[in-house]
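Undergrad: Fold the following and give me the result.
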Amino acid sequence: MVGDTAGSYTVTDVRGEKITFDAEPQRVVTVEKPLPSIYYAIEGATDNIVGCNPSSIKAYEESVLRFMYPQLENAATDWCNTDSTVNLEELLKLQPDVVFIYSTDEQEIEKMESAGLKVVALRSAELDSVKENLQIMAAVCQEEERGEELVRLIDEQIAEVTSRLDGVAEEDKPSVIEFYSDMNVSVSQYDHWMVPSGAHNPASGLTGKKTEVDMEQILLWNPEIIYIGNHSDLMPSDLLENKQEGRDWSVVSAVANKQVYKIPIGAYRWDPAGVETPLMVKWAAKIQYPEIFADMDMEQEVKDFFEIVYQYELTDEQVSEILDNRQQ
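TA: Reported below is the predicted structural model:
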(Lines give C-alpha, C1' and ligand atoms only; values in the text may rest on other atoms or scores of the structure.)
Protein backbone atom coordinates (compact mmCIF):
# COMPACT_ATOMS: atom_id res chain seq x y z
CA MET A 1 0.00 0.00 0.00
CA VAL A 2 1.19 3.50 -0.81
CA GLY A 3 -0.08 6.57 1.04
CA ASP A 4 -1.22 9.62 -0.91
CA THR A 5 -2.40 13.08 0.06
CA ALA A 6 -5.27 13.94 2.41
CA GLY A 7 -5.48 10.41 3.83
CA SER A 8 -5.96 8.65 0.50
CA TYR A 9 -3.96 5.51 -0.29
CA THR A 10 -3.20 3.27 -3.25
CA VAL A 11 -3.29 -0.52 -3.47
CA THR A 12 -1.71 -2.56 -6.29
CA ASP A 13 -3.70 -5.64 -7.36
CA VAL A 14 -2.43 -8.80 -9.06
CA ARG A 15 -2.63 -7.17 -12.51
CA GLY A 16 -0.23 -4.47 -11.36
CA GLU A 17 -3.11 -1.98 -11.50
CA LYS A 18 -3.04 0.77 -8.87
CA ILE A 19 -6.38 1.54 -7.24
CA THR A 20 -6.65 4.69 -5.12
CA PHE A 21 -9.05 4.99 -2.19
CA ASP A 22 -9.98 8.17 -0.35
CA ALA A 23 -11.00 6.14 2.71
CA GLU A 24 -11.40 2.52 3.75
CA PRO A 25 -14.30 1.02 1.72
CA GLN A 26 -17.52 0.66 3.68
CA ARG A 27 -19.60 -0.98 0.95
CA VAL A 28 -17.84 -4.12 -0.25
CA VAL A 29 -18.82 -6.56 -3.00
CA THR A 30 -17.18 -9.96 -3.46
CA VAL A 31 -17.70 -11.69 -6.83
CA GLU A 32 -15.93 -14.95 -5.99
CA LYS A 33 -17.27 -17.68 -3.69
CA PRO A 34 -14.64 -17.89 -0.90
CA LEU A 35 -13.91 -14.18 -0.55
CA PRO A 36 -16.39 -13.34 2.26
CA SER A 37 -14.60 -15.72 4.64
CA ILE A 38 -11.25 -14.11 3.76
CA TYR A 39 -12.69 -10.63 4.26
CA TYR A 40 -14.12 -11.57 7.67
CA ALA A 41 -10.77 -13.06 8.72
CA ILE A 42 -9.25 -9.62 8.13
CA GLU A 43 -12.01 -7.35 9.36
CA GLY A 44 -13.89 -9.49 11.87
CA ALA A 45 -17.61 -8.93 12.39
CA THR A 46 -18.84 -6.33 9.93
CA ASP A 47 -21.86 -5.67 7.75
CA ASN A 48 -19.71 -4.04 5.06
CA ILE A 49 -20.32 -6.84 2.54
CA VAL A 50 -23.35 -5.59 0.62
CA GLY A 51 -23.12 -8.08 -2.26
CA CYS A 52 -21.69 -11.56 -2.82
CA ASN A 53 -21.90 -14.58 -5.11
CA PRO A 54 -25.04 -16.75 -4.65
CA SER A 55 -22.72 -19.71 -4.00
CA SER A 56 -21.19 -17.80 -1.07
CA ILE A 57 -24.63 -17.76 0.53
CA LYS A 58 -25.12 -21.49 -0.14
CA ALA A 59 -21.82 -22.20 1.63
CA TYR A 60 -22.85 -19.76 4.39
CA GLU A 61 -26.12 -21.63 4.94
CA GLU A 62 -24.24 -24.95 5.19
CA SER A 63 -21.50 -23.65 7.48
CA VAL A 64 -20.93 -22.13 10.91
CA LEU A 65 -20.46 -18.79 9.15
CA ARG A 66 -24.20 -18.33 9.65
CA PHE A 67 -23.59 -18.14 13.41
CA MET A 68 -20.38 -16.13 13.20
CA TYR A 69 -21.48 -13.44 10.76
CA PRO A 70 -25.28 -13.62 10.35
CA GLN A 71 -25.22 -10.21 8.67
CA LEU A 72 -23.93 -11.87 5.47
CA GLU A 73 -27.48 -13.10 4.93
CA ASN A 74 -28.38 -9.49 4.08
CA ALA A 75 -25.90 -9.33 1.20
CA ALA A 76 -27.51 -9.02 -2.23
CA THR A 77 -26.95 -11.89 -4.69
CA ASP A 78 -29.24 -10.96 -7.61
CA TRP A 79 -26.46 -8.96 -9.32
CA CYS A 80 -24.25 -11.99 -9.99
CA ASN A 81 -24.53 -15.56 -11.30
CA THR A 82 -22.78 -18.51 -9.67
CA ASP A 83 -20.29 -18.46 -12.57
CA SER A 84 -19.29 -14.89 -11.56
CA THR A 85 -21.07 -13.17 -14.45
CA VAL A 86 -22.05 -9.69 -13.27
CA ASN A 87 -25.33 -7.90 -13.95
CA LEU A 88 -23.90 -4.40 -14.06
CA GLU A 89 -27.21 -2.57 -13.69
CA GLU A 90 -28.04 -4.45 -10.48
CA LEU A 91 -24.48 -4.12 -9.16
CA LEU A 92 -24.52 -0.34 -9.56
CA LYS A 93 -27.61 -0.19 -7.35
CA LEU A 94 -25.46 -1.49 -4.49
CA GLN A 95 -23.15 1.55 -4.79
CA PRO A 96 -20.02 -0.43 -3.90
CA ASP A 97 -16.84 1.31 -2.75
CA VAL A 98 -14.84 -1.68 -3.99
CA VAL A 99 -15.43 -4.92 -5.89
CA PHE A 100 -13.13 -7.92 -5.31
CA ILE A 101 -12.91 -10.36 -8.24
CA TYR A 102 -10.44 -12.87 -9.72
CA SER A 103 -8.19 -11.51 -12.46
CA THR A 104 -9.28 -14.32 -14.81
CA ASP A 105 -12.72 -12.68 -15.14
CA GLU A 106 -11.36 -10.12 -17.59
CA GLN A 107 -14.66 -9.26 -19.32
CA GLU A 108 -16.40 -8.67 -16.01
CA ILE A 109 -13.55 -6.45 -14.80
CA GLU A 110 -13.63 -4.41 -18.00
CA LYS A 111 -17.36 -3.70 -17.85
CA MET A 112 -17.22 -2.78 -14.15
CA GLU A 113 -14.24 -0.46 -14.57
CA SER A 114 -15.89 1.11 -17.62
CA ALA A 115 -18.79 1.99 -15.33
CA GLY A 116 -16.41 3.76 -12.95
CA LEU A 117 -16.27 1.12 -10.21
CA LYS A 118 -13.12 0.48 -8.19
CA VAL A 119 -12.17 -3.12 -8.96
CA VAL A 120 -9.43 -5.02 -7.13
CA ALA A 121 -8.33 -8.14 -9.00
CA LEU A 122 -7.11 -11.15 -7.04
CA ARG A 123 -5.52 -14.44 -8.03
CA SER A 124 -7.52 -17.66 -8.05
CA ALA A 125 -7.13 -21.29 -7.07
CA GLU A 126 -3.76 -21.86 -5.37
CA LEU A 127 -2.76 -21.58 -1.71
CA ASP A 128 0.00 -19.08 -2.51
CA SER A 129 -2.68 -17.03 -4.25
CA VAL A 130 -4.82 -17.09 -1.11
CA LYS A 131 -1.93 -15.66 0.87
CA GLU A 132 -1.34 -12.98 -1.77
CA ASN A 133 -5.07 -12.18 -1.80
CA LEU A 134 -5.09 -11.89 1.98
CA GLN A 135 -2.37 -9.27 1.84
CA ILE A 136 -4.05 -7.30 -0.95
CA MET A 137 -7.46 -7.35 0.73
CA ALA A 138 -5.81 -6.40 4.03
CA ALA A 139 -4.15 -3.44 2.30
CA VAL A 140 -7.55 -2.29 0.96
CA CYS A 141 -8.90 -2.54 4.52
CA GLN A 142 -5.80 -0.74 5.86
CA GLU A 143 -5.00 -3.82 7.94
CA GLU A 144 -1.60 -4.81 6.54
CA GLU A 145 -0.32 -6.20 9.83
CA ARG A 146 -3.38 -8.41 10.14
CA GLY A 147 -2.77 -9.74 6.63
CA GLU A 148 0.83 -10.58 7.45
CA GLU A 149 -0.25 -12.25 10.69
CA LEU A 150 -2.71 -14.50 8.86
CA VAL A 151 -0.16 -15.47 6.21
CA ARG A 152 2.35 -16.39 8.93
CA LEU A 153 -0.29 -18.46 10.69
CA ILE A 154 -1.12 -20.41 7.53
CA ASP A 155 2.55 -21.20 6.91
CA GLU A 156 3.29 -22.13 10.53
CA GLN A 157 0.29 -24.42 10.93
CA ILE A 158 0.98 -26.32 7.71
CA ALA A 159 4.63 -26.65 8.73
CA GLU A 160 3.45 -28.37 11.95
CA VAL A 161 2.24 -31.21 9.74
CA THR A 162 4.98 -31.35 7.12
CA SER A 163 7.72 -31.40 9.77
CA ARG A 164 6.20 -34.54 11.31
CA LEU A 165 5.99 -36.27 7.94
CA ASP A 166 9.60 -35.63 6.92
CA GLY A 167 10.58 -39.23 7.51
CA VAL A 168 7.71 -40.83 5.59
CA ALA A 169 8.95 -42.45 2.37
CA GLU A 170 6.96 -41.82 -0.81
CA GLU A 171 6.09 -45.51 -1.15
CA ASP A 172 4.62 -45.52 2.37
CA LYS A 173 2.15 -42.71 1.73
CA PRO A 174 -1.51 -43.83 1.54
CA SER A 175 -3.26 -43.81 -1.82
CA VAL A 176 -5.86 -41.04 -1.64
CA ILE A 177 -8.40 -39.63 -4.11
CA GLU A 178 -10.87 -36.76 -3.81
CA PHE A 179 -14.11 -36.65 -5.73
CA TYR A 180 -15.00 -33.12 -6.78
CA SER A 181 -18.29 -34.56 -7.99
CA ASP A 182 -19.55 -37.99 -9.00
CA MET A 183 -16.59 -39.77 -10.68
CA ASN A 184 -14.83 -36.43 -11.22
CA VAL A 185 -11.51 -36.71 -9.36
CA SER A 186 -8.86 -34.18 -8.49
CA VAL A 187 -5.68 -34.45 -10.57
CA SER A 188 -3.84 -31.41 -9.21
CA GLN A 189 -6.82 -29.27 -8.09
CA TYR A 190 -6.18 -30.01 -4.42
CA ASP A 191 -2.40 -30.40 -4.29
CA HIS A 192 -2.33 -27.55 -1.76
CA TRP A 193 -3.67 -29.91 0.92
CA MET A 194 -2.89 -33.35 -0.50
CA VAL A 195 0.87 -32.80 -0.74
CA PRO A 196 1.50 -31.32 2.73
CA SER A 197 -0.84 -33.86 4.39
CA GLY A 198 1.25 -36.71 2.98
CA ALA A 199 -1.33 -38.11 0.57
CA HIS A 200 -0.34 -40.04 -2.55
CA ASN A 201 -2.79 -39.11 -5.30
CA PRO A 202 -2.78 -41.85 -7.98
CA ALA A 203 -4.56 -39.45 -10.36
CA SER A 204 -1.64 -37.01 -10.32
CA GLY A 205 -0.22 -38.40 -13.55
CA LEU A 206 -3.29 -37.45 -15.55
CA THR A 207 -3.76 -34.12 -17.35
CA GLY A 208 -5.85 -31.20 -16.20
CA LYS A 209 -6.75 -30.08 -12.68
CA LYS A 210 -9.58 -32.61 -12.38
CA THR A 211 -10.99 -35.25 -14.67
CA GLU A 212 -13.82 -37.75 -15.13
CA VAL A 213 -12.90 -41.40 -14.58
CA ASP A 214 -14.76 -44.69 -14.79
CA MET A 215 -15.12 -47.49 -12.27
CA GLU A 216 -12.44 -49.51 -14.00
CA GLN A 217 -9.93 -46.77 -13.28
CA ILE A 218 -10.99 -46.60 -9.62
CA LEU A 219 -10.51 -50.36 -9.32
CA LEU A 220 -7.04 -50.09 -10.86
CA TRP A 221 -6.07 -47.39 -8.38
CA ASN A 222 -7.83 -49.13 -5.48
CA PRO A 223 -7.41 -46.09 -3.18
CA GLU A 224 -6.98 -46.60 0.55
CA ILE A 225 -8.85 -43.39 1.41
CA ILE A 226 -11.58 -41.53 -0.49
CA TYR A 227 -12.58 -37.95 0.27
CA ILE A 228 -15.75 -36.36 -1.12
CA GLY A 229 -15.72 -32.61 -1.65
CA ASN A 230 -18.45 -30.20 -0.65
CA HIS A 231 -19.28 -29.05 -4.16
CA SER A 232 -20.88 -32.49 -4.53
CA ASP A 233 -24.12 -33.88 -3.13
CA LEU A 234 -22.44 -37.31 -3.02
CA MET A 235 -22.11 -38.66 0.52
CA PRO A 236 -19.90 -41.41 2.00
CA SER A 237 -22.99 -43.57 2.59
CA ASP A 238 -23.54 -43.69 -1.19
CA LEU A 239 -20.29 -45.65 -1.46
CA LEU A 240 -20.22 -47.39 1.93
CA GLU A 241 -23.74 -48.77 1.42
CA ASN A 242 -23.22 -49.48 -2.29
CA LYS A 243 -26.17 -47.32 -3.32
CA GLN A 244 -25.01 -46.58 -6.88
CA GLU A 245 -26.53 -48.86 -9.46
CA GLY A 246 -24.03 -50.53 -11.78
CA ARG A 247 -21.03 -49.88 -9.50
CA ASP A 248 -19.67 -52.27 -6.89
CA TRP A 249 -17.83 -50.14 -4.37
CA SER A 250 -17.48 -52.96 -1.83
CA VAL A 251 -14.31 -54.24 -3.53
CA VAL A 252 -12.50 -50.89 -3.24
CA SER A 253 -10.06 -50.83 -0.32
CA ALA A 254 -11.24 -47.45 1.04
CA VAL A 255 -14.85 -48.64 1.12
CA ALA A 256 -14.10 -52.09 2.52
CA ASN A 257 -12.14 -50.46 5.37
CA LYS A 258 -14.68 -47.64 5.88
CA GLN A 259 -12.18 -44.96 4.95
CA VAL A 260 -14.57 -42.69 3.03
CA TYR A 261 -15.01 -39.13 4.31
CA LYS A 262 -16.98 -36.01 3.48
CA ILE A 263 -14.69 -32.99 3.70
CA PRO A 264 -15.74 -30.49 6.39
CA ILE A 265 -17.14 -27.01 5.94
CA GLY A 266 -15.93 -24.49 8.51
CA ALA A 267 -16.49 -20.85 7.69
CA TYR A 268 -16.09 -22.06 4.08
CA ARG A 269 -15.45 -25.37 2.29
CA TRP A 270 -12.14 -26.85 3.38
CA ASP A 271 -11.02 -28.46 0.11
CA PRO A 272 -10.53 -25.37 -2.09
CA ALA A 273 -7.49 -23.30 -1.17
CA GLY A 274 -8.53 -20.86 1.54
CA VAL A 275 -7.89 -19.42 4.96
CA GLU A 276 -8.78 -22.75 6.58
CA THR A 277 -6.40 -24.87 4.47
CA PRO A 278 -4.22 -25.54 7.57
CA LEU A 279 -7.22 -27.23 9.20
CA MET A 280 -7.82 -29.31 6.06
CA VAL A 281 -4.16 -30.39 6.08
CA LYS A 282 -4.31 -31.35 9.77
CA TRP A 283 -7.64 -33.16 9.47
CA ALA A 284 -6.46 -35.20 6.47
CA ALA A 285 -3.07 -35.94 8.02
CA LYS A 286 -4.72 -37.30 11.16
CA ILE A 287 -6.89 -39.64 9.03
CA GLN A 288 -3.95 -40.71 6.89
CA TYR A 289 -1.43 -41.12 9.72
CA PRO A 290 -3.42 -41.85 12.90
CA GLU A 291 -0.35 -42.98 14.85
CA ILE A 292 1.84 -39.99 13.95
CA PHE A 293 -0.94 -37.54 14.80
CA ALA A 294 -2.50 -39.46 17.72
CA ASP A 295 -1.87 -36.48 20.01
CA MET A 296 -3.56 -33.99 17.69
CA ASP A 297 -6.96 -32.98 19.06
CA MET A 298 -8.87 -31.71 16.03
CA GLU A 299 -11.68 -30.28 18.15
CA GLN A 300 -9.21 -28.08 20.00
CA GLU A 301 -7.32 -27.28 16.78
CA VAL A 302 -10.54 -25.99 15.21
CA LYS A 303 -11.51 -23.97 18.29
CA ASP A 304 -8.08 -22.34 18.58
CA PHE A 305 -7.90 -21.60 14.86
CA PHE A 306 -11.31 -19.91 14.73
CA GLU A 307 -10.51 -17.81 17.77
CA ILE A 308 -7.28 -16.52 16.21
CA VAL A 309 -8.43 -16.21 12.58
CA TYR A 310 -12.08 -15.21 12.92
CA GLN A 311 -11.99 -13.81 16.45
CA TYR A 312 -14.90 -16.11 17.21
CA GLU A 313 -15.28 -18.66 20.02
CA LEU A 314 -16.99 -21.77 18.68
CA THR A 315 -19.31 -23.75 20.92
CA ASP A 316 -18.80 -27.50 21.30
CA GLU A 317 -21.94 -27.99 19.20
CA GLN A 318 -20.53 -25.84 16.40
CA VAL A 319 -17.25 -27.76 16.44
CA SER A 320 -19.24 -30.98 16.22
CA GLU A 321 -21.17 -29.60 13.26
CA ILE A 322 -17.88 -29.03 11.45
CA LEU A 323 -16.14 -32.30 12.30
CA ASP A 324 -18.77 -34.91 13.17
CA ASN A 325 -20.87 -37.07 10.89
CA ARG A 326 -18.26 -36.98 8.14
CA GLN A 327 -19.18 -40.55 7.11
CA GLN A 328 -22.95 -40.21 6.75
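Undergrad: C-alpha from now on. contacts and neighbour counts both.
TA: Noted.
Undergrad: I figured residue 100 hits residue 34, correct?
TA: No. Judged on C-alpha atoms under 8 Å, residue 100 makes no contact with residue 34 at a distance of 11.0 Å.
Undergrad: Now name the helix or strand holding the closest residue to residue 119 other than its chain neighbours.
TA: Counting by C-alpha to C-alpha, 6 or more residues apart in numbering, the nearest residue to residue 119 once its immediate chain neighbours are dropped is residue 99, at 4.8 Å. In this assignment (DSSP states H and E), residue 99 forms part of strand 98-102.
Undergrad: for that strand, packing partners?
TA: Contacts defined by 3 or more C-alpha pairs under 8 Å, 6 or more residues apart in numbering; DSSP states H and E place strand 98-102 against strand 28-30, strand 119-122.
Undergrad: Format those strands as a markdown table; extra columns: distance to residue 192 and mean neighbour count.
TA: Output for those, formatted as a markdown table (distance: least, C-alpha to C-alpha, whole Å; neighbours: other C-alpha atoms under 10 Å):
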| stretch | distance to residue 192 | mean neighbour count |
| --- | --- | --- |
| strand 28-30 | 23 | 24 |
| strand 119-122 | 18 | 24 |
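Undergrad: so which of the ones you listed gets nearest residue 285?
TA: strand 119-122 (29.3 Å; C-alpha to C-alpha).
Undergrad: what about the strands in the stretch 151-300 of the chain?
TA: Secondary structure of the stretch 151-300 of the chain by DSSP state E, counting those that start in this stretch: the strands cover 176-181, 184-186, 210-212, 225-228, 260-262.
Undergrad: could those be laid out in TSV, adding distance to residue 237, mean pLDDT and mean neighbour count?
TA: Converted to TSV, those look like this (distance: least, C-alpha to C-alpha, whole Å; pLDDT from 0 to 100; neighbours: other C-alpha atoms under 10 Å):
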stretch	distance to residue 237	mean pLDDT	mean neighbour count
strand 176-181	14	95	23
strand 184-186	18	95	21
strand 210-212	21	95	17
strand 225-228	11	97	24
strand 260-262	8	97	24
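Undergrad: Let me know which of those is the nearest to residue 127.
TA: strand 184-186 (15.6 Å).
Undergrad: strand partners of the closest one, parallel vs antiparallel please.
TA: Within its sheet, and counting by DSSP bridges, strand 184-186 is paired with strand 176-181 (antiparallel), strand 210-212 (antiparallel).
Undergrad: Would you format those strands as JSON lines with distance to residue 90 included?
TA: Listed next are the strands paired with strand 184-186 as JSON lines, based on distance: least, C-alpha to C-alpha, whole Å:
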{"stretch": "strand 176-181", "distance to residue 90": "32"}
{"stretch": "strand 210-212", "distance to residue 90": "34"}
